[in-house]
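*Asks:* could you work out the structure for the sequence below:
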Amino acid sequence: MKSLIVVLGGVTSGVGKGVVCASIGNLLIEKGIKTTVIKYDGLMNYSFEQMNPYHVIPEVRWSDEEVTVLADGGVVDSDLGVYERFTGLDLSTANNIVNGQCLKELISYQDGNRWKIGEVISVFPHLIEIYKGKLFEAIADNDVAVLEVGGTVGDFESEFFLRMVSDLSAELNLFVVQLSYLALMDGSIGTEKDVINQDVILKPIKQSFHTACSFCLKPDVLLIRSRKIVGNDIKSRISKATCLSEEYILFDYDVESIYDVPEMLRKQGLLELIMTRFRLKSDVEVRSSLSNYARGIVKLAEALQYRVAIIGDSESWGSYTSLNEALVSLGVRYSRNICFDWFKSVEEYAELLENNASYKAFIVTEGIENPMEKAEMLRKILEYEKPVMCISYGACILANIIGLSTERTDRLVIGKIDTYLKDSAVGTVRDRHRRDFTIPICENKGENIEIIGCDSQHREIHLFRPKKYPYCIGVVSQPEYTSRPNSPNLLFSHLLNLNIEEELQDIAYESETYSSC
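*Replies:* Next comes the predicted model:
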C-alpha cells in the first residue's frame, strides 16, 4: 500500500511548510525510498498562469510571488521549486493541485463526458472524486508522497480536500504532520537566556490541533516552529493539551540555512517515526547531503564578497527565489561569497550607475517593464567590460541592442528544451524556457555574434555572445530553474569570468553527443 505524509499548517501561513515538506522528501529519497512531493492550493484561480497579472507576456511573478516553470511546461506554485531543489526531482504539473482547476473540471464535466446528463452534481461524491483522481495522478508509481496543504487548517478553501484525504485510510497509509507556530516569541516575552522556560500562550497551537482532529486528521506529529529553544516544561504542557506523547512533539527552530532543516528533523527522530509507521525498510544510513551544502553557505558568509547587480522590475519584488538560490549554489561550488542586490525600478538604475564600481558582474532578468530604460541601462553596463548575463527577455533586449533580428511568437515557448552546444563533446544543456520570442539563426548569420548553442533543428539561437562585448552572454532560457544546491547550472559560471564552454564539460550535463550548431 502506498503511503501519504500530510503536512498541515496551523495558526498562520508562512511558517515554513514548504521547506518542511521538501526536507521530509529529501530524507526519504536519501534513504532510497521512491518519493514525490505534492502541493495543494485552495485558491479559486484555476492556474498560476492565469493568476499572473501580466499573463499575456512571460513573467515569473503572480501577485507578489514567484512562479516556478517545470520541465513539462507547467507554471506552478513556487513551493514546487523548493521541492525540486531539496530533492533533485523533476516534478510535473500534476504535483500542483489547484482548487480552481478542480472546480473548473467539476463544471465542465457536466456535458456527459464524465457524468450522466441530468445527474445531480454535488461536492460528495463528484468534487471529491476529482480531488482523489488528481492526488493519485500526482502520487503515480511512488511508494511515498509528501502532501503540503496550503494555508492553515480550517480554511474553507481546503475543507473538502481535507475531508477527501481523511477518507483515504483504506487506500493509503496516512501520516499527519501539523506545523504550528509557538506564540509570543519576540525575544523578550517568556524568555530567559534564549531558552523559553516561562509561561507562553499555547491556545493557538491547541486550537489548530483540534481543528485538524475535526477533519479526522489527528496529527501523528506536532512540529512547532520556534525561534527559541523550548524548555521541557513547555513541551510537557503541549503534550497534555494535545494528548500526544512528548516524543511526537518536535521543533522547527531557526537555523543558519534552510538546508539545515532536513538534518535537524532527522536528529529529532521524524524520519525514524515515518519509517516505523509505514514499515519502510532501508539499509542506507542517512545524513542529509544538504548538510555539507548548508555548512558551505555559512562558511562563505565571512569571505570576501563577490557582488552581483541584478537588473529587474516586476519579477524582482523580493521573491525571485530561484535566481537567488542559483547564485548561492554557484558561490558554494566555486567557493565565492556571492552577494547580490536587486535594482528593480528606473529610479534605482541611477543608484546602480553611481555605484557600479562595487559590482563584479551584472544580470539582466526577464521582466518586460521599462524596456527602453532597461536597454539604455544595459548599453551603459556593457561599457564597464565586466561579466554580463542577460536571461530570457533580457537576452531579447541584448539582441536588439547589437542589431540581431528577433521574432515574437503567437504563444509562449515553455518547458524543458535542449540547447545543442557548438563544438562541445558534452552535447546538450537541458534548460527550461518561458518566453514569447525567438532569435532565428537564418536571419542572424553575420559577424556580430558567436553562437554558443541552438535548438535541435538549428533554427533558433539559444545561447550567444556578442563579438563586440565578449564578456557578455545572452541566454534565452531561464537556467535558474535547473540549478540545484550541489549542482548549479553552469551557465552562471560566466558571472565569475569563467569560460562557460569549458565549464559545460561538467558531468552535471548530459553526456550524449549530438551534432553541433
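
*Asks:* give the pairing partners of the longest strand along the chain; include direction for each.
*Replies:* With secondary structure taken from DSSP state E, the chain has its longest strand at strand 407-421. Here strand 407-421 has these sheet partners by DSSP bridges: strand 428-438 (antiparallel), strand 449-454 (antiparallel).

*Asks:* same list (those strands) but as a markdown table, adding mean neighbour count.
*Replies:* To be clear about C-beta, it is placed using only N, CA and C from the backbone, and glycine gets the same treatment. Listed next are the strands paired with strand 407-421 as a markdown table, based on neighbours: other C-beta atoms under 10 Å:
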| stretch | mean neighbour count |
| --- | --- |
| strand 428-438 | 21 |
| strand 449-454 | 21 |
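
*Asks:* export these to CSV and tack on mean pLDDT and distance to Leu353?
*Replies:* Listed next are those as CSV, based on pLDDT from 0 to 100; distance: least, C-beta to C-beta, whole Å:
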stretch, mean pLDDT, distance to Leu353
strand 428-438, 90, 27
strand 449-454, 92, 26
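
*Asks:* just put those strands in JSON lines and tack on distance to Ile229.
*Replies:* Formatted as JSON lines, these follow (distance: least, C-beta to C-beta, whole Å):
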{"stretch": "strand 428-438", "distance to Ile229": "41"}
{"stretch": "strand 449-454", "distance to Ile229": "51"}
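
*Asks:* so which of those comes closest to Glu503?
*Replies:* strand 428-438 (10.8 Å; C-beta to C-beta).

*Asks:* so what's the gap between that closest one and the chain middle?
*Replies:* 18 Å (C-alpha atoms, centre = their mean, to the nearest Å).

*Asks:* send over it as CSV, restricted to the C-alpha atoms.
*Replies:* Output of strand 428-438 as CSV, limited to C-alpha atoms (Å, rounded to 0.1, in the frame of the first residue of the first chain):
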residue,chain,number,x,y,z
THR,A,428,23.3,19.4,-24.8
VAL,A,429,22.2,21.7,-22.0
ARG,A,430,18.7,21.0,-20.9
ASP,A,431,17.2,24.2,-19.6
ARG,A,432,13.6,25.4,-19.1
HIS,A,433,12.2,28.2,-21.2
ARG,A,434,9.3,30.7,-20.7
ARG,A,435,9.4,33.3,-23.5
ASP,A,436,7.4,34.7,-26.3
PHE,A,437,10.2,35.5,-28.8
THR,A,438,12.8,33.7,-30.9
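
*Asks:* and the contacts of the longest strand of the chain?
*Replies:* The contact list for strand 407-421 (C-beta atoms under 8 Å, 6 or more residues apart in numbering) reads 58, 69-75, 90, 427-440, 452-456, 458, 462-463, 477, 501, 504, 514-517.

*Asks:* same question for stretch 240-251.
*Replies:* In contact with stretch 240-251 (C-beta under 8 Å, 6+ apart) are residues 202, 205-206, 209, 219-226, 230, 235-236, 238-239, 265, 268-270, 273.

*Asks:* the residues you listed, buried ones only, as a ChimeraX selection?
*Replies:* Buried residues among the contacts of stretch 240-251 (16 or more other C-beta atoms under 10 Å), as a ChimeraX selection:
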select :202,205,206,209,219,220,221,222,223,224,225,226,230,235,238,239,265,268,270,273
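
*Asks:* show me the contacts of stretch 240-251 that map onto helices.
*Replies:* Ile205, Lys206, Phe209, Lys235, Ser236, Ile238, Ser239, Leu265, Leu270, Leu273 (DSSP state H).

*Asks:* out of the residues you listed, which is nearest to Leu8?
*Replies:* Phe209 (9.6 Å).

*Asks:* does that closest one touch Gly9 like I think?
*Replies:* No: using C-beta atoms under 8 Å, Phe209 makes no contact with Gly9, being 11.9 Å away.

*Asks:* touching both of the two, which residues are there?
*Replies:* Common neighbours of Phe209 and Gly9 (C-beta under 8 Å, 6+ apart) are Gln178, Ser180.

*Asks:* tell me which stretches of the stretch 51-200 of the chain form helices.
*Replies:* Using DSSP state H, counting those that start in this stretch, the helices of the stretch 51-200 of the chain run over 79-87, 99-108, 128-139, 156-166.
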